[in-house]
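sequence-free structure coming up:
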């Protein structure tokens, strides 16, 4: 047999070998989204707008993109509650993904709403279309004769299908009788005058707000702080004196190199707050010049402390006088900036030394500091800013009581402040009963993210909006106003899951704390007085009379079924129903 191979066969073999070694070219698909989507509001499935994103061919590697919505919240109205951005990843072989945008809180009648969705940061694909225009057409029939009603009602449901929406129903008072429980409201029995409802404007919140575009920032601030049909009328803010744990970094107004002190406060400066906080506060004051601002320190300058650290430690007695002058200086310089500080607490969470920043201050230390240093310093400087005690949990009511029991300290004190991470909200009444001449405040409660809307709105409305005010609090403050989608900014060691009332990225979305506070702030302005309202089983409630004479009743159904009940006023009743877990604010 002849073992020699013909030249022609060799060429064929070489072609097969080299052909098999040739690289397969990578597929780079084209990505596209629809130019325009128009959808009738009533046809939204699960309150979602769905925008398909398609690839012209399956890729052999991951394809990713970032999508974001335009910030048309001021134009679109309060219905537009889209997430402001998210990543989408196509795995090899996939050709279609969906952008899903949530639309909540349909109003009875409103103009069509328009916003845009843009894709960016695309990897491993060529983009054909970058932007979709979304038009949500209103399909409600305009009612020229809406239901006549003695009582207006704004409703929020736990499934978020209705969010602070005015109801087009007739709630009218009659003299009829029925078997339903009655929440009787009595304006002749009055309690505390309200200072307001609002949020902590942390350094991180101010940073996020101040870095929005001017159009978006203005829309956000008007929505939060004006008191009109499109706003929620926030009337109280808490800010940190120096850094809080939701600041971008730890600082005081008089930081010194290690080993050095500044007892004359030569280096005192509000410079860290002039970047974001002070500009935002000035904008807020233009919208609501009467807003009340509470300042709370998380830590003095570390050179005043026993451990020379921003975390824990205590205020050294030799610096009591210096620290009193530091707080006077703060109030004076903020006033020079056009920012009046209505009140300060002495120390945020004085029994918690684990935060960054933080400081421990026992009741005896706070008493002596107020009695011997801060009170006299305020008096000498003519400072009228209120001094508020404690600013910590409801499980140690004896902390403020023990200070108020000392008349030399109590003469300088307006009242006591509480949080509810421990104890019961009734502790405020314990302090009130011991010292009815002093005021009570509720100054902080967080929502941990990602939270459950239904559980959070129920707990916070029952314990704070209703519970704190029924136990003599003059305000309710939620922690905090704004965070980004990752719950930033915060300090090293600060809270890593604190969800803001707003989530801010390129625009802003509203979270549960927005609605918790809005159910009161929109309807109960500063100067309103709490009035008597009867508690009924599974229907916790609180009532107020506003300065212009309106009556406001906030009711939660904390039962497992829909509750039908009467609103009673001046020997007449109006029958209404409230679903399980729902919150309603009634105004007449």
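The structure has been received and is ready for your questions. Keep in mind that this is a model prediction, so the values were computed, not measured.

residue ranges of the helices in the stretch 401-550 of the chain, please?
In the stretch 401-550 of the chain, helices defined by DSSP state H, counting those that start in this stretch lie at 407-410, 427-434, 453-460, 467-470, 512-521, listed in chain order.

before we move on, what about the stretch 201-350 of the chain?
Listed in chain order, the helices of the stretch 201-350 of the chain (DSSP H, counting those that start in this stretch) span 203-210, 214-225, 271-274, 277-287, 320-336.

check contacts around the residue nearest to residue 480 when sequence neighbours are not counted.
Excluding its sequence neighbours, the residue lying closest to residue 480 (Cβ to Cβ, 6 or more residues apart in numbering) is residue 200, at 4.3 Å. Glycine gets a C-beta too; all of them are placed from N, C-alpha and C. When the contact criterion is Cβ atoms under 8 Å, 6 or more residues apart in numbering, the partners of residue 200 are 237-240, 244, 246, 444, 477-481.

Pipe the helices of the stretch 201-350 of the chain into CSV and attach mean neighbour count per row.
Output for the helices of the stretch 201-350 of the chain, formatted as CSV (neighbours: other Cβ atoms under 10 Å):
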stretch, mean neighbour count
helix 203-210, 25
helix 214-225, 18
helix 271-274, 17
helix 277-287, 18
helix 320-336, 19
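
so which of these comes closest to residue 37?
Closest to residue 37 of the helices of the stretch 201-350 of the chain, according to Cβ to Cβ: helix 214-225, at 22.8 Å.

Can you point out the buried residues in stretch 338-347?
339-347 (16 or more other Cβ atoms under 10 Å).

could you give the mean pLDDT of it?
The predicted model assigns stretch 338-347 a mean pLDDT of 98.

Let me see the contact set for residue 252.
The neighbours of residue 252, taking Cβ under 8 Å, 6+ apart as the test, are 242-243, 299-302.

And it, its phi and psi?
Backbone dihedrals for residue 252, given as degrees, to the nearest 10, come out at phi -120, psi -180.

Pull up the gap between it and residue 481, please.
22 Å (Cβ to Cβ, to the nearest Å).

Closest to residue 327 out of the buried residues of stretch 338-347?
Closest approach to residue 327 among the buried residues of stretch 338-347 (Cβ to Cβ): residue 344, at 6.6 Å.

separation between the closest one and residue 295?
Computed as Cβ to Cβ, the residue 344 to residue 295 distance reads 5 Å.

any idea how the chain splits into domains?
Following automatic domain parsing, one finds the domains of the chain at 30-137, 152-191+535-587, 195-526.

List the buried residues for stretch 161-171?
Neighbour counts over stretch 161-171 (16+ other Cβ under 10 Å) mark 162-165, 167, 171 as buried.

Can you tell me which of those residues lies closest to residue 126?
Closest approach between the buried residues of stretch 161-171 and residue 126, by Cβ to Cβ: residue 163, at 39.6 Å.

does that closest one really touch residue 453, like I thought?
No. In this structure, residue 163 sits apart from residue 453 without contact. The criterion is Cβ atoms under 8 Å, and the distance is 9.4 Å.

I'd guessed residue 393 sits against residue 419; true?
Yes. Checked against Cβ under 8 Å, the pair residue 393 and residue 419 is within contact range at 5.3 Å.

what pLDDT, on average, does stretch 265-280 get?
98.

Which residues does it contact?
Contacts with stretch 265-280, where a contact means Cβ under 8 Å, 6+ apart, come from 201, 203, 206-207, 209-211, 221, 239, 242-243, 251, 253-256, 262, 322, 325-326, 329-330, 333-334, 337, 339.

at 6 Å what do you get?
Outside stretch 265-280, the residues that touch it by Cβ atoms under 6 Å, 6 or more residues apart in numbering are 203, 206-207, 209-210, 251, 253-254, 329, 333, 337.

what would the residues you listed look like in a markdown table with distance to residue 125?
Rendered in a markdown table, the data for the contacts of stretch 265-280 read as follows (distance: Cβ to Cβ, whole Å):
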| residue | distance to residue 125 |
| --- | --- |
| 203 | 39 |
| 206 | 38 |
| 207 | 34 |
| 209 | 35 |
| 210 | 35 |
| 251 | 44 |
| 253 | 51 |
| 254 | 54 |
| 329 | 58 |
| 333 | 54 |
| 337 | 50 |
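
Please state the backbone phi and psi of residue 91?
Per degrees, to the nearest 10, the backbone of residue 91 is at phi -80, psi 160.

Not including adjacent chain positions, what is the nearest residue to it?
Of all residues not flanking residue 91 in the chain, residue 62 sits nearest, at 6.1 Å (Cβ to Cβ, 6+ apart).

and the one you found, how many neighbours?
For residue 62, the tally of surrounding residues (other Cβ atoms under 10 Å) stands at 12.

do residue 264 as well
Other residues near residue 264 number 9, with proximity taken as other Cβ under 10 Å.

Spatially central residue in the chain, please.
Using Cα atoms, centre = their mean, the residue of the chain that lies closest to the mean C-alpha position is residue 501, 2.0 Å off.

contacting residues for that residue?
Applying Cβ under 6 Å, 6+ apart, one finds that residue 501 lies in contact with 199, 481, 511, 513-514.

at 7 Å what do you get?
For residue 501, the contacting residues are 199, 478, 481-482, 511, 513-514, 517, taking Cβ atoms under 7 Å, 6 or more residues apart in numbering as the criterion.

Next: residue 351.
Going by Cβ under 7 Å, 6+ apart, residue 351 touches 360, 392, 396.

go on, residue 97?
With contacts taken as Cβ under 7 Å, 6+ apart, residue 97 has the following neighbours: 53, 88, 90.

any idea how far it lies from residue 63?
9 Å.

Now do the shared contacts for these two.
With Cβ under 7 Å, 6+ apart applied, the overlap between the contact sets of residue 97 and residue 63 consists of residue 90.

Residue 255: neighbour count?
For residue 255, the tally of surrounding residues (other Cβ under 10 Å) stands at 17.

pLDDT at it, what is it?
Turning to residue 255, the model gives it a pLDDT of 98.

my read: residue 523 touches residue 587, true?
Yes. Here residue 523 lies in contact with residue 587, judged by Cβ atoms under 7 Å, at a distance of 5.7 Å.

so where does residue 64 fall, helix or strand?
Taking DSSP states H and E as the criterion, the element that holds residue 64 is strand 63-69.

If we go by neighbour counts, what in that strand is buried?
Neighbour-count burial for strand 63-69 flags 63, 65, 67-69 (criterion: 16+ other Cβ under 10 Å).

closest to residue 124 among the residues you listed?
Within those, the smallest distance to residue 124 is 4.6 Å, found for residue 63 (Cβ to Cβ).

Contact partners for the closest one?
When contacts are counted by Cβ under 7 Å, 6+ apart, residue 63 is found next to 29, 55, 90, 123-125.

And the closest residue to it other than its chain neighbours, its phi and psi?
Excluding its sequence neighbours, the residue lying closest to residue 63 (Cβ to Cβ, 6+ apart) is residue 90, at 4.1 Å. According to degrees, to the nearest 10, the main-chain angles of residue 90 amount to phi -90, psi 120.

Spatially nearest residue to residue 234, not counting backbone neighbours?
Once its chain neighbours are removed from consideration, residue 234 has its nearest residue in residue 198; the separation is 4.3 Å (Cβ to Cβ, 6+ apart).

Pull the number of nearby residues for that neighbour.
As a burial measure, the neighbour count of residue 198 was computed by other Cβ under 10 Å and equals 28.

what's near enough to touch it?
Contact criterion Cβ under 7 Å, 6+ apart gives 234-237, 477, 517, 521 as the residues in contact with residue 198.

Adding neighbour count and distance to residue 562, write those residues out as JSON lines.
Rendered in JSON lines, the data for these read as follows (neighbours: other Cβ atoms under 10 Å; distance: Cβ to Cβ, whole Å):
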{"residue": "234", "neighbour count": "29", "distance to residue 562": "31"}
{"residue": "235", "neighbour count": "25", "distance to residue 562": "32"}
{"residue": "236", "neighbour count": "25", "distance to residue 562": "33"}
{"residue": "237", "neighbour count": "26", "distance to residue 562": "37"}
{"residue": "477", "neighbour count": "29", "distance to residue 562": "32"}
{"residue": "517", "neighbour count": "29", "distance to residue 562": "25"}
{"residue": "521", "neighbour count": "26", "distance to residue 562": "27"}
